[in-house]
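J.: Here is the input, now give the coordinates:
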Amino acid sequence: MILVLGAYAEASQQPAGDRSSRTGRFDVREFGAVGNGNTLDTPAIEAAIQAANKAGGGTVVFLPGIYLTGTFRLLSNVTLDVEAGAVILGSANLSDYGSIEEFGFGRTQDISFNQVSFRFRVTREDVNAAVGGNFDLRWTTAGLRAAIFSHDIPGFYARYVRGLEINSLEILWEGTIPAYYSSALEFEDVEDLTVDRFRGRQATDASLFPVIALSRVDGVSIRNSTASEGASVFLATHQVTGERVFEGNDLTRARKVFSANSKFVATGNYYPSKRH
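T.: Residues are numbered from 1 along each chain as shown. Sure, this is the predicted structure:
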């Protein structure tokens, strides 16, 4: 598993201690993260997320570095704000994960994201051109370079996951975004996917990428989600099987709802006034 994010975070110069609760920003390094790519930072990341959640909400900050981690859970009302150049690197040690089984490269199981907002903007074009930045769930590779998208970067990417739940996730794109940023959500080789109360669009207005891209997904439910202003095709699918539910979504701002051959049981949706 590798998670790479491309949002920006300011470094604060205030003393540690109560600073996080006062500012609403929780720097994982203040909770013990090292960010050297060798030390397991999972406990520090979890502690920062829990502190933000306990404070009633806050922003968990990752400054540039390589944060080695196993499984951690995002909690309600927590925003991740990460400077380009920060990498969250999945551990090669399976014992560092809460629930994973061998399936090809390995399959992560039972992950939920609840009431989370991701903001993406480019602040360092040199770093962004080299590695981009996104939230990326996939297998661990032998080398970091082989594991990071250089182009066609979605906001959130997941592959080889069983039982993935996305609840109240918002994807925001700020400022001028390079053309190689793509969909808001992209899923490949996933079983039992639930997307509920998602809000967002593809990276740029003129982009031909869909808002949500599904490939080789078995069992999916997309409910109560909203296409943001400027959304293109809301849902594109390839080899999607099993139960397919599309219910209660607001697509009025999308140029088109489905790509060709998207076969879902669709009920109670709000469609664009002009159908394409």
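
J.: tell me which residues in stretch 262-272 are buried?
T.: 262, 264, 266, 269, 272 (16 or more other CB atoms under 10 Å). In short, each C-beta sits where N, CA and C put it, glycine included.

J.: Could you list which of the residues you listed belong to strands?
T.: residue 266 (DSSP state E).

J.: now the buried residues of stretch 262-272 in CSV, with distance to residue 93 and pLDDT?
T.: Shown next, in CSV, are the buried residues of stretch 262-272 (distance: CB to CB, whole Å; pLDDT from 0 to 100):
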residue, distance to residue 93, pLDDT
262, 39, 76
264, 39, 91
266, 43, 92
269, 44, 95
272, 48, 91
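
J.: Most widely separated two among the buried residues of stretch 262-272?
T.: 264 and 272 (16.5 Å; CB to CB).

J.: just the helices in this structure please.
T.: 19-23, 42-54, 125-131, 144-147 (DSSP state H).

J.: Quick one: mean pLDDT over the first one.
T.: This points to helix 19-23. For helix 19-23, mean pLDDT is 57.

J.: ditto for the third one
T.: Averaging pLDDT along helix 125-131 yields 52.

J.: Contact partners for residue 66?
T.: If a contact means CB atoms under 8 Å, 6 or more residues apart in numbering, then residue 66 has 35, 36, 37, 87, 89, 144 as its contacts.

J.: swap that for residue 193, please
T.: Going by CB under 8 Å, 6+ apart, residue 193 touches 164, 166, 187, 214, 217, 219, 220, 221.

J.: And the third one, how close does it get to residue 212?
T.: Spatial separation of residue 187 from residue 212 under the definition CB to CB, to the nearest Å is 8 Å.

J.: cool, and residue 75?
T.: Applying CB to CB to residue 75 and residue 212 gives a distance of 24 Å.

J.: ok, back up a step: make TSV from the buried residues of stretch 262-272 and add distance to residue 62 to it.
T.: Listed next are those as TSV, based on distance: CB to CB, whole Å:
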residue	distance to residue 62
262	35
264	36
266	38
269	36
272	37
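
J.: which one of the buried residues of stretch 262-272 is nearest residue 233?
T.: When the buried residues of stretch 262-272 are ranked by distance to residue 233 (CB to CB), residue 262 comes first, at 9.3 Å.

J.: and the closest one, what does it touch?
T.: Residue 262 touches 235, 236, 237, 240, counting by CB under 8 Å, 6+ apart.

J.: Am I right that the third one is in contact with residue 218?
T.: No. Using CB atoms under 8 Å, residue 237 makes no contact with residue 218, being 11.9 Å away.

J.: who has more neighbours, the two?
T.: residue 237 (22 against 16; other CB atoms under 10 Å).

J.: List the contacts of that one.
T.: So, once contact is read as CB under 8 Å, 6+ apart, residue 237 ends up touching 213, 214, 215, 217, 258, 259, 261, 262.

J.: mind checking the longest strand of the chain?
T.: Per DSSP E, the chain has its longest strand at strand 156-173.

J.: Which neighbouring elements make contact with that strand?
T.: Contacts defined by 3 or more CB pairs under 8 Å, 6 or more residues apart in numbering; DSSP states H and E place strand 156-173 against strand 107-120, strand 135-137, strand 185-196, strand 199-200.

J.: Poorly predicted segments of the stretch 1-150 of the chain, please.
T.: 1-23, 76, 82-85, 90, 92, 94, 97-150 (pLDDT under 70).

J.: Give me the more crowded residue out of residue 75 and residue 212.
T.: Taking other CB under 10 Å, residue 75 and residue 212 do not tie; residue 212 has more neighbours (27 against 19).

J.: Low-confidence ranges, the stretch 151-276 of the chain, go.
T.: Ranges of the stretch 151-276 of the chain meeting pLDDT under 70: 151, 274-276.
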